[in-house]
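Asks: Next one to model:
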Amino acid sequence: MIMRIGDQLQKQRKLHDMSQNELADKLNISRQSISKWENGATLPSFSNVIAISDLFGVSLDELIRGDEELMNKFEDDKIRLSKTETIFTVGLGIVLIGLIIIYSGGISIASIDNWLPDVGLISFFCFIANINWRMFNKSLNKKAVFFGILLLVAVLVPFIMHGVPDLLKGFTEGTNLYNK
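Replies: Model (predicted):
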């Protein structure tokens with residue numbers, strides 16, 4: 001009998017007396033993803049299939065054999081950069097292009113210094129707000145925490161040293177303009 005990945009997943013989950021929530025927690029994904037896989041609405045990624053195989057002690061062959069749709073998905077998947085590799089690759093590319101534009105366009109460093117820290121700080125907080133902290137916290141070691149603290153200090157100290165006095169000066173000058 002040929003079993004689809006969703007049926008195989010449900011069978012293995014029940015054999016191991018595990019709820020969809022428990023399995024989702026172990027794979028660091030949502031319970032809805034497990035439900036969609038089991039119902040055949042979506043297919044798991046290759047990395048999730050490997051994690052399921054390892055978790056249940058089932059060979060990949062046993063887990064996916066017979067599921068032509070999943071096999072085709074794996075064949076069609078192209079090698080892609082991880083999200084971290086994308087951040088560094090695209091980020092460095094933008095830095096290089098930006099520097100070329102700045103130096104070839106005669107843009108003053110002072111004008112860049114006026115707005116770039118604000119963009120950096122806003123981007124930093126938006127980045128932090130969009131992290132899946134459950135998975136992120138599991139991947140941190142002591143060195144990563146140390147360097148993360150240094151990064152936060154390196155970003156915030158210059159901003160506070162330059163931004164707060166400028167902000168206070170703006171408020172003071174704005175108040176003086178209205179009092180005249």
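Asks: Would you map out the domains in the chain?
Replies: Listed domain ranges for the chain are 5-76, 108-179 (source: automatic domain parsing).
Asks: Which of those domains has the highest mean neighbour count?
Replies: domain 5-76 (a mean of 15; mean count of other CB atoms under 10 Å). C-beta here means a position set from N, CA and C on the backbone, and glycine is covered the same way.
Asks: circling back to that earlier point, save the domains of the chain as a markdown table, and put in distance to residue 95 and mean pLDDT too.
Replies: Putting the domains of the chain into a markdown table (distance: least, CB to CB, whole Å; pLDDT from 0 to 100) gives the following:
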| stretch | distance to residue 95 | mean pLDDT |
| --- | --- | --- |
| domain 5-76 | 30 | 83 |
| domain 108-179 | 11 | 74 |
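Asks: I'd like to know which of these lies nearest to residue 90.
Replies: Closest approach to residue 90 among the domains of the chain (CB to CB): domain 108-179, 12.9 Å.
Asks: Turn the domains of the chain into TSV, columns for distance to residue 93.
Replies: Formatted as TSV, the domains of the chain follow (distance: least, CB to CB, whole Å):
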stretch	distance to residue 93
domain 5-76	26
domain 108-179	16
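Asks: Select, out of the ones you listed, the one closest to residue 89.
Replies: Nearest to residue 89, of the domains of the chain and by CB to CB, is domain 108-179 at 16.2 Å.
Asks: How far off centre is that closest one?
Replies: Centroid displacement of domain 108-179 relative to its chain, using CA atoms, centre = their mean, to the nearest Å, is 20 Å.
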